[in-house]
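A.B. asks: Need coordinates for the below:
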Amino acid sequence: QVQLVESGGGLVQPGGSLRLSCTASGAIFERYNIGWFRQAPGKEREGVSAIRLNDGTPYYTDSTRGRFTISVDNAKKTVYLQMNSLKPEDTGLYSCAASLYYSVKVSDWPYWGQGTQVTVSS
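C.D. replies: The predicted structure follows:
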């Protein structure tokens, strides 16, 4: 089992940047995939980005590719999500999740953090 804690959210103006962190504990970190998801008010949770920790392969959605960068510090058991050129539609509760198997389905990720709020507004 793995425990996840997110940090780094906040209020930012359109065009601004934020870096989110997801720190893991309680498991062999490198065996997992870590995904970032977000949920806007009134909408379903959706995937944002993910990384396969055994080889560092990143995944992005069409809406985040080119603006967001996912990275990992294995020594700190932390995955980062650098978010640039933020838009109001990026607003939401951002959560990280862990799974031994990569999947695009939210329901396939068994371990979740509590989330950190990102608000993009002028």
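
A.B. asks: Please report how far the residue positioned nearest the centre of the chain lies from Val104.
C.D. replies: By CA atoms, centre = their mean, the chain has its centre lying nearest to Trp36, at 2.3 Å. To Val104, Trp36 is 13 Å away according to CB to CB, to the nearest Å. To be clear about C-beta, it is placed using only N, CA and C from the backbone, and glycine gets the same treatment.

A.B. asks: so what sits against both of the two?
C.D. replies: Common neighbours of Trp36 and Val104, using CB atoms under 8 Å, 6 or more residues apart in numbering, are Gly47.

A.B. asks: If I follow the layout properly, Thr91 ends up in contact with Ser122?
C.D. replies: No: applying CB atoms under 8 Å, one finds Thr91 not in contact with Ser122, separated by 11.9 Å.

A.B. asks: of these two, who's got more company?
C.D. replies: More crowded of Thr91 and Ser122, by other CB atoms under 10 Å: Thr91, with 18 against 8.

A.B. asks: residues in contact with that one?
C.D. replies: Listed by CB under 8 Å, 6+ apart, the contact set of Thr91 reads 40, 118-121.
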